[in-house]
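Peer 1: Only the shape, not the letters, is given here:
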C-alpha cells in the first residue's frame, strides 16, 4: 500500500531547528516533503534550501531580500517568492501543507501560527513564545478548528510522549529538566561579568544563540513552565524544574499513584522534531542511540534561586497571566540581544526584565492586538531601561 507523503510548511528554515528539521525531511524523503520555506534575512542559505527541496513558496523578511533570492535561485520552476508578515502568513497557510512547523524566533511566529490554525493545519511548535505570549488565545483557536498542536521543544515533547494514552486527570506534577547551562559551575559572585563566549559554550546542546543564553539564565525554563501549562492544562504550582546536567532525561511526569514516567534520549533535537512530524508513528532511523552504560551516572538537583533568578519570574508572570508572560518574553528577547551585542552585562539580563515586568499593568484577557501592543511596549521599555543602566545609545 502506498503511503502518502506528509507535506510541511517550515517557518524558520535557516535557524537551528529549521536546518535540523530539513535534515529529518531529507533522511525520510519517502515520508516527508517540504511545500514552503520561510526565513528572515539568511537569503543565501534559503536559496540553497530552495534548490535542494524545491518548495512551492519561499518567504523572506523584505522585498529587497526577495529580489536577492530571485537572483540566487534562478529558474526554479513554480516557485512563488513572498516577503514580510503577509509572506510569512502565506507560507504558513499554503494549501498543500498538512503540517506547519513553527520555528521562527520570538513573537513573530504568533500571527502565522494563528493563521495556520484557522486554515486547519496541524501545528508542530518549536517557538515557545507563541504559547507564552498568547496561550489562551491559541488554545481556543486549536479547539475551535479541531487541529493538533504538537510540541517540538525537547522537554515538552518528552512530557507529550509520557502522557500519550494516559488520563490527564491522573497527573500529579510535571518535571521539566534543565541542563543548568554553560555557567552552572561558575561562582555566583562571578556571573555578573561573564563574557558572551562563556555564556554560549553550552556543554550538551547545540542551539541558537538566544536560547543558549536563556539556558544560562534559566529564562528558557521560565518560558517553558508557562508553555507546559498551556500545552497540558496543568497548574503552574504543579510544574517543577529539575537540574539534570547530562541532558539525557528530557522531562518527567509524576502520576497520582506515585509512578514517575520519564522520556530519555541523546541530546539531539532531530528526535523530537521527527516525533512531531511523524506522530503518531515511530520509524527506525539512523539517528544516534542512547547507551546508558556509556552515559554513566544521571544526577538531579534543585535549581539555585540565587544563581537562576529568572526562574521565579516565570512563575510570577505565568500566575499573573494575561499580558504578563508576553511582557516578560519580549523584554528578555531585547535584553538578551543587547547582551549578545556587548551592550549590557550578563548580570543585567534578569534584573532589567524584572524591572519591565514590575512597570507593566496586566490586561487579564487580552486580544491579539493587546498582546502585540504589550509586547512592543515591553521592548521599548527594555531598551530605555538598558540605556539608563549602562549608558549606551540604541
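Peer 2: Arrived safely, thanks for sending. As the structure is a computational prediction, the values presented were derived from the model and not from experiment.

Peer 1: what sits against residue 163?
Peer 2: 171, 232, 253 (C-beta atoms under 8 Å, 6 or more residues apart in numbering). Bear in mind the C-beta positions are built from the backbone N, C-alpha and C, glycine included.

Peer 1: Figure out the helix or strand that the last one lives in.
Peer 2: By that I understand residue 253. strand 249-255 (DSSP states H and E).

Peer 1: That strand - what's its average pLDDT?
Peer 2: For strand 249-255, mean pLDDT is 98.

Peer 1: neighbouring contacts of that strand?
Peer 2: 154-159, 162-163, 166, 170-177, 242, 260-265, 272, 298, 300.

Peer 1: Put the buried members of these into a ChimeraX selection.
Peer 2: Command for ChimeraX that selects the buried part of these, burial taken from 16 or more other C-beta atoms under 10 Å:
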select :154,155,156,157,158,159,162,163,171,173,174,175,176,177,242,262,263,264,265,272
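
Peer 1: picking that back up, give the pairing partners of the helix or strand just after the strand holding residue 253; include direction for each.
Peer 2: Going down the chain from strand 249-255, the next helix or strand is strand 260-264, by DSSP H and E. Partner strands and pairing direction for strand 260-264 (DSSP bridges) are strand 249-255 (antiparallel).

Peer 1: State the number of residues packed around residue 370.
Peer 2: Neighbours of residue 370 under the rule other C-beta atoms under 10 Å: 14.

Peer 1: From residue 109, how far out is the closest residue to it other than its chain neighbours?
Peer 2: Spatially, and ignoring its direct neighbours in sequence, residue 370 is nearest to residue 363 (5.3 Å; C-beta to C-beta, 6 or more residues apart in numbering). Taking C-beta to C-beta, to the nearest Å as the measure, residue 363 falls 21 Å from residue 109.

Peer 1: Same check on residue 275?
Peer 2: 20 Å.

Peer 1: hey, which helix or strand in the protein has the poorest pLDDT?
Peer 2: Lowest by mean pLDDT, DSSP states H and E among the helices and strands of the chain is helix 209-217, with a mean of 89.

Peer 1: thinking again about what came up before, report pLDDT for the residue nearest to residue 370.
Peer 2: In this prediction, residue 363 has a pLDDT value of 97.

Peer 1: Can you verify it is assigned to a helix?
Peer 2: No - under DSSP: H, G, I helix; E, B strand; the rest coil, residue 363 sits outside any helix and is assigned coil.

Peer 1: who's in contact with it?
Peer 2: Contacts of residue 363 by C-beta under 8 Å, 6+ apart are 322, 323, 370, 374.

Peer 1: One more: residue 215?
Peer 2: Going by C-beta under 8 Å, 6+ apart, residue 215 touches 178, 179, 181, 182, 202, 205, 207.

Peer 1: Between these, identify the one with the most neighbours.
Peer 2: Neighbour max across the contacts of residue 215 (other C-beta under 10 Å) = residue 181, 28 neighbours.

Peer 1: Please name the residues that touch that one.
Peer 2: 199, 202, 212, 215, 216, 217, 218.

Peer 1: Which pLDDT value belongs to it?
Peer 2: On the pLDDT scale, residue 181 is placed at 87.

Peer 1: and it, which of the three is it?
Peer 2: Looking at residue 181 with three-state DSSP, the answer is coil.

Peer 1: Now do it against residue 158, distance only.
Peer 2: 18 Å.

Peer 1: Equivalent analysis for residue 192, please.
Peer 2: For residue 192, the distance to residue 158 equals 33 Å [C-beta to C-beta].

Peer 1: Repeat that for residue 39.
Peer 2: Remark: distance between residue 39 and residue 158 (C-beta to C-beta) = 28 Å.

Peer 1: Please apply the same query to residue 58.
Peer 2: Using C-beta to C-beta, we find residue 58 at a distance of 33 Å from residue 158.

Peer 1: Not counting residues beside it along the chain, what's closest to the residue nearest the centre of the chain?
Peer 2: The residue lying closest to the centre of the chain (C-alpha atoms, centre = their mean) is residue 127, at 3.2 Å. Spatial nearest neighbour of residue 127, excluding adjacent residues (C-beta to C-beta, 6+ apart): residue 109 at 4.0 Å.
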